[in-house]
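K.L.:
Next one to model:
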Amino acid sequence: MNLPFDPIERAHENWTRRWGASPAMAAVTSVMRAQQILIGELDGALKPFGLTFARYEALVLLTFSGSGSLPLGKIGERLMVHPTSVTNTIDRLEGQGFVCRLPNPSDGRGVLAEITDSGRRVTEEATQALLSMDFGLACYSDEELWRMHEMFTRLRVDFGDFPAPVSGAAEGR
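P.N.:
This next block holds a predicted model:
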């Protein structure tokens, strides 16, 4: 795009003239633009693997589970997405041979998604690609990234995603 001016700053200047200064408006607009940039970059890096970032996240979650499988409801809960999105994601991953569906032995009506060997392989390869590009955030230092993480943790706690962490819990990094 490469505009000769910052459109978010310009929007904030116009906003300020009309309604008064709003750092929140400038911040949220910047966050939304950053999300667009990152999704584009991450999806682009994952495209050679036949993945989107949403599908990659589901594979990583299954990789982290002890058995390599989780109920679809648990996947949605952990990824904080709607059940319809989970179904769509698992459908696509299953079509690619990266996961398979199994009956849930502890819930007769439930279904588990289980990562396959090819799903594990593609997860490893895709992870290396994302790590090599610092998940699109190479312009920040590690210290800045941790600060950013902490700032968004506060927002997520305030929103009710989870309880506030116990002080000092993040020191194990």
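
K.L.:
Between the two ends of stretch 104-124, what distance do you get?
P.N.:
26 Å (C-alpha to C-alpha, to the nearest Å).

K.L.:
Might you calculate how far that stretch sits from the centre of the chain?
P.N.:
Stretch 104-124 sits 20 Å away from the centroid of its parent chain (C-alpha atoms, centre = their mean, to the nearest Å).

K.L.:
repeat for stretch 80-95
P.N.:
14 Å.

K.L.:
Quick check: phi and psi at the nearest residue to residue 26 once chain neighbours are set aside.
P.N.:
Spatial nearest neighbour of residue 26, chain neighbours left out: residue 12 (4.4 Å); criterion: C-beta to C-beta, 6 or more residues apart in numbering. All C-beta atoms are positioned from the backbone trio N, CA, C, and that covers glycine. Dihedral angles of residue 12 (phi, psi; degrees, to the nearest 10) stand at phi -70, psi -40.

K.L.:
Kindly tell me how buried residue 12 is, as a neighbour count.
P.N.:
Using other C-beta atoms under 10 Å, residue 12 has 19 other residues around it.

K.L.:
Contact partners for it?
P.N.:
Residues near residue 12 by C-beta atoms under 8 Å, 6 or more residues apart in numbering: 21-22, 25-26, 29.

K.L.:
Only the buried members of those: can you turn that into a ChimeraX selection?
P.N.:
To isolate the buried members of the contacts of residue 12 in ChimeraX, using 16 or more other C-beta atoms under 10 Å:
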select :26,29
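
K.L.:
Out of the contacts of residue 12, which is nearest to residue 73?
P.N.:
The closest of the contacts of residue 12 to residue 73 turns out to be residue 29 (C-beta to C-beta; 34.1 Å).

K.L.:
which outside residues touch the helix or strand containing the closest one?
P.N.:
Using DSSP states H and E, residue 29 falls within helix 23-46. For helix 23-46, contacts defined as C-beta under 8 Å, 6+ apart pick out 8-9, 11-12, 15, 52-53, 55-56, 126, 129-130, 133, 135-137.

K.L.:
right, and the helix or strand after it?
P.N.:
helix 53-64.

K.L.:
Confirm for me that residue 71 is in contact with residue 109.
P.N.:
No: under the criterion of C-beta atoms under 8 Å, residue 71 makes no contact with residue 109, lying 10.5 Å away.
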